[in-house]
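> Quick one, fold the following:
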Amino acid sequence: MQSLDAASWTLIGYGVFAAVGGLIGFLKAKSRASLIAGAAAGGISIACGLQAARGNPLALAVGVVLAGMLGARFLMTWTVKKRVMPDMAMVVLSLAVVAVVSWKLLGTG
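This next block holds a predicted model:
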């Protein structure tokens with residue numbers, strides 16, 4: 001396995017944030033959907049980060065798509081509810097993930 005670069009760390013950190021957010025959503029609102037979605041998105045993002053560290057470009061692409069989809073989902077919620085947490089936080093983090101991982105994916109990082 002190669003060393004973890006910025007793109008790998010970004011995907012892993014994003015995955016942890018998503019998983020913890022899903023757990024918090026479950027604990028605060030008893031939302032099973034939040035728990036399942038957070039665990040799934042977090043697990044996929046962490047797996048993408050680990051695979052990216054092994055040099056797998058498909059993992060980078062999947063990570064970008066996942067972050068884009070989650071960012072879009074939370075942006076739609078933010079336009080209605082105007083909550084900073086978790087909506088705007090996930091939008092900003094998703095944009096950061098897309099930027100960092102795309103930079104690596106395009107060979108410029």
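> What strand or helix carries the most centrally placed residue in the chain?
Nearest to the geometric centre of the chain sits residue 14, at 4.2 Å (C-alpha atoms, centre = their mean). Using DSSP states H and E, residue 14 falls within helix 6-29.
> and what of residue 52?
When elements are assigned from DSSP H and E, residue 52 belongs to helix 32-53.
> and the helix or strand containing residue 65, what does it pack onto?
Using DSSP H and E, residue 65 falls within helix 57-81. The helices and strands touching helix 57-81, judged by 3 or more C-beta pairs under 8 Å, 6 or more residues apart in numbering; DSSP states H and E, are helix 6-29, helix 32-53, helix 89-105. Every residue, glycine included, has its C-beta placed from N, CA and C.
> quick one: the second one to helix 6-29, angle?
Think helix 32-53. Computed by axes from the mean of the first three to the mean of the last three C-alpha atoms, to 10 degrees, the angle separating helix 32-53 from helix 6-29 equals 170 degrees.
> Which other helices and strands does helix 32-53 contact?
The contact analysis (3+ C-beta pairs under 8 Å, 6+ apart) places helix 32-53 against helix 6-29, helix 57-81.
> Switch the helices and strands packed on helix 57-81 over to CSV; also include distance to residue 68 and mean pLDDT.
As requested, the helices and strands packed on helix 57-81 are exported to CSV (distance: least, C-beta to C-beta, whole Å; pLDDT from 0 to 100):
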stretch, distance to residue 68, mean pLDDT
helix 6-29, 12, 97
helix 32-53, 12, 97
helix 89-105, 6, 97
